Each structure stands twice: as structure tokens, then as C-alpha cells.
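A.B. asks: my questions are about this predicted structure, shown below with the sequence.
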Amino acid sequence: MKKILQILLYISAKIVLARYTPDVIGVTGSVGKTSAKEAIALVLSSRYTVRQSEKNYNNEIGVPLTIIGSGSGNRSIIGWIGVFTKAICLMLFKDAKYPQVLILEMGADRPGDIEYLTRLAPCTIGVLTAIGPAHLEKFGTMEKLIHEKQAIVRHLRGKDRWAVMTADDPFIFSSKDSFSVPSITFGFKEGADIFVAEWQQKAVFLPDDKETIHSVITVNYKNVIKQIEINTVGKQAVYSMLPALAIGFLYHIPFDELAIILRSYQQPKGRMRFLPGIKHTLIIDDSYNSSPLATRAALDVLGTFEINEEARRIVILGDMLELGKYTESEHSEIGVYATNTHAVDILICVGLLALEIAKGARRAGFDENKIFCFNDAVSARKTVQTFIKKGDVILVKGSQGIRLERIVKEIMAEPEHAEELLVRQGDEWE
């Protein structure tokens, strides 16, 4: 049944794309896809009608639904009839409000996924963020994963197509000249087309005073230098801005205008979102998903925070799934990394795989009395409250399957707003 549904969605979406011919911007990578997609949408929506992938609509079901502009029918036959009715209406009757630009996040759980999605929706611009260990259970090796992700760029043809790629990832940058389209590279290295010449950030959480979470980025593009202010911190937040700038330039939006637009950028739900916590604490909610590369980046952000002397930096780390043969080693290395940052005061591990994080931390010298392990988020969420005290900053990060947003909901100051602030709050997740 699912296969039939997938075929019908593919055909419907292809016909809709052929009828409306929007610009298609495809975004993929191991980390930062959603944040980059949101920043790109913010930039282009200032001048164009834009639709971007919602929720986790980045696969063979979700991408066609985004093209059609419909939610999922889930397990309801009536719901799917509604989806295809909308698609037929788009085919038969011209919708003047159909978006000029579609921004499609394209995920890769297994070999062939990106190639399938780019056949469905050939891109005007392909965006490739950093590549790191993720979904290796299905790919087996990093080389196969890299090859799959590069399909977002490899399929592009013609002078009117562009590749937008990070210059800081050697897997990507070393192969950029092998692609048949022009490219814009971005990153922190001076050799990039768009690079961060200077970066200042301030992360202060003193609960009796006003918190400060703020960055100023000095960006160089073709020897034109501008400052951009954003109300967040962390290298991954900067990486979200840079592809959005690149695409803004491709759409001939002035640099000054882009700098103003990006001031209002906010990280998506569950991706390094800063939320008030109980007992006058601050939560760094990064509970949407996890991978080794993203976890290291999140730990780096935690380490930048200035806190009261008696407060602590607490880390709640869940299983990192789909790492295949690298599962044990990657979890262990995260434990070592958390220890070596010297920024983690309490380490809470959630899930059976996360036990390896605890083992790695112990071997690296982390205080045994400050490591706590739980089987799952449900068993952890009540107990976690007892660890927390005024002034603490709490990082929460784990893969989707471990559902750490349940812990965030338990310790956030306003759980009544969970639906608008947290990931996976719909009925289908209950």
C-alpha cells in the first residue's frame, strides 16, 4: 500500500511542478539542513512567495506533500483522498497563489534517496551543508554517504543552475570543481566565496539579570564586508546564515537588505532553541535529532555560556541512532569530548546506547558521582527535575527515537506552550 501511495504522490507532484515551474531549492547534508532551509525561506520570502518543507517532510512522502501543499493523510483513507483531490485541483485549475519558490529539505536514510528526490524535483539551486557520520547503518561507509549527499549538486545541469556548498568540509570542498555547474562556497575559511572574517558572540545567563544571547558576524563577499547581528550563538547558527546569504546574492538581494532580514532569524523548534526552564534555569533545546558532529557543536555552545559561580552546566544526551558499526565508538568519543571541554558539570545519559557516552566520560576522567544514566526519557524526566537548581544551563540533545523533548516539556517553565515551542507535539506522536 505504501509503495502505491509513493508512486501516486510522485506522479502527482511531477505534474504539479511541470504546471507551475517554481524555482526549486534543494537542501541536504548531515547537519544544519532545517536551520539553513528556514534561513533561506526568511531571506526569499521578503520578495517572493515561498513554501518550505514543514516538520520532517524530507523523504519520498514528505517532499511530494510539500510540492502539493498538503499535510499527510496519515492512516486515514479520507485524509489521503483529500491530498489527491488537492493535487488534481492544482493540475486542472491554475492557482495564482502557488509559490514562486519551493525550498525542499532532502534527507537520505539509505542509498538512492537523494537521487530519487532530485529526479522528482530537479533543483534550480542545490545546497550542501556539512557531512558527518549519520545514517551509517544503511550506508556502511562515509564514502557512500558522501556520494549520496553530493547527488544534490551532481544532478544540476545548465548555466542557470547553482551549487551552494560549505568550504569547511574537506569532503565537499575538494570535489567542487568536478561538478558541472557554477558554485558559491561559504564558511569560516578565507578561501570561501562567502567567509566569516570575524565572529563575536556573547552568551550570558545570570537569572537575576537579563540574559544575553547574541552574535555579531563580519562577513566578506567579493571584498565587500558587512556586519550581521543575530539573536543566537553557536557556529551552527552562523552556518545557517551563510547559505541564506549566498542564495540572497543569487536572487540579487542587496547585502544591506540581507543583513537586516537576518536579524529576525530564529532557530527552528528543537534545534538549539533557548527556552526558559523551571527554577530560573535556561534550556538549550536541541532535541529534534542527533549525530556526532552536531553533538560536538552543541557542547561547544554550552561551553561559551557565562553563568553564576554556584550554577552548573548540565548535559542530557540521548542515543545517537543509525550509526551502524560506528555506534559504540562514536558514543564513547562523545563522552570523551564532553569531558575534555571542561564545561560539563553534570552528565545525564538517556538510552541504552548512551551508556557508551557515560563509559567514555568515565575513562576520560569525568567524576563518576556526576554521571547519571536512564533507560528512556519517560524514566528520566521526573528525576531530572531534582538535579536542577537556579541559574543552571541545561543542554538536551538526542536522536528522534529517544524522544528527549519529553524531558524538555517536563523542565520548561511554560509547558502549556509546548505545542508551539517543542518538536513532536502532534497527536501522531502521542
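C.D. replies: Received it, and whenever you're ready, just let me know what you need. Numbers count the residues shown, from 1 in each chain.
A.B. asks: any idea which helix or strand carries residue 185?
C.D. replies: Using DSSP states H and E, residue 185 sits within strand 183-187.
A.B. asks: okay, the helix or strand that that strand is followed by in CSV with CA atoms only?
C.D. replies: Under the assignment DSSP H and E, the closest C-terminal helix or strand after strand 183-187 is strand 194-205. In CSV, the C-alpha atoms belonging to strand 194-205 read as follows (Å, rounded to 0.1, in the frame of the first residue of the first chain):
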residue,chain,number,x,y,z
ILE,A,194,31.5,34.0,1.4
PHE,A,195,33.5,33.7,4.6
VAL,A,196,33.3,34.9,8.2
ALA,A,197,36.1,37.4,8.7
GLU,A,198,35.3,37.9,12.3
TRP,A,199,32.8,36.4,14.7
GLN,A,200,31.9,37.7,18.2
GLN,A,201,29.3,36.0,20.4
LYS,A,202,28.1,36.6,23.9
ALA,A,203,26.2,34.0,25.9
VAL,A,204,25.4,35.1,29.5
PHE,A,205,22.8,33.5,31.8
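A.B. asks: what mean pLDDT does strand 194-205 have?
C.D. replies: What strand 194-205 shows for mean pLDDT is 96.
A.B. asks: surely residue 249 meets residue 221?
C.D. replies: Yes: Residue 249 is in contact with residue 221 according to C-beta atoms under 8 Å; the separation is 6.7 Å. C-beta: built from backbone N, CA, C; applies to glycine.
A.B. asks: what is in contact with the two at once?
C.D. replies: 194, 255 (C-beta atoms under 8 Å, 6 or more residues apart in numbering).
A.B. asks: which residues of the stretch 101-250 of the chain fall in helices?
C.D. replies: 113-120, 136-139, 142-149, 151-154, 170-173, 235-250 (DSSP state H, counting those that start in this stretch).
A.B. asks: surely residue 296 forms part of a helix?
C.D. replies: Yes: the assignment for residue 296 is a helix, going by DSSP: H, G, I helix; E, B strand; the rest coil.
A.B. asks: got the contact list for it?
C.D. replies: Residues near residue 296 by C-beta under 8 Å, 6+ apart: 334, 337.
A.B. asks: separation between it and residue 234?
C.D. replies: Look at residue 296 and residue 234: by C-beta to C-beta, to the nearest Å, they are 11 Å apart.
A.B. asks: that's a strand at residue 373, yeah?
C.D. replies: Yes: applying three-state DSSP, one finds residue 373 inside a strand.
A.B. asks: mean pLDDT per helix and strand in this protein: which one sits at the bottom?
C.D. replies: Scoring the helices and strands of the chain by mean pLDDT, DSSP states H and E places helix 170-173 at the bottom, with a mean of 73.
A.B. asks: rewinding a little: can you list the helices of the stretch 101-250 of the chain in CSV and add distance to residue 358?
C.D. replies: Listed next are the helices of the stretch 101-250 of the chain as CSV, based on distance: least, C-beta to C-beta, whole Å:
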stretch, distance to residue 358
helix 113-120, 33
helix 136-139, 22
helix 142-149, 26
helix 151-154, 36
helix 170-173, 30
helix 235-250, 25
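A.B. asks: quick one: closest of these to residue 330.
C.D. replies: helix 136-139 (8.8 Å; C-beta to C-beta).
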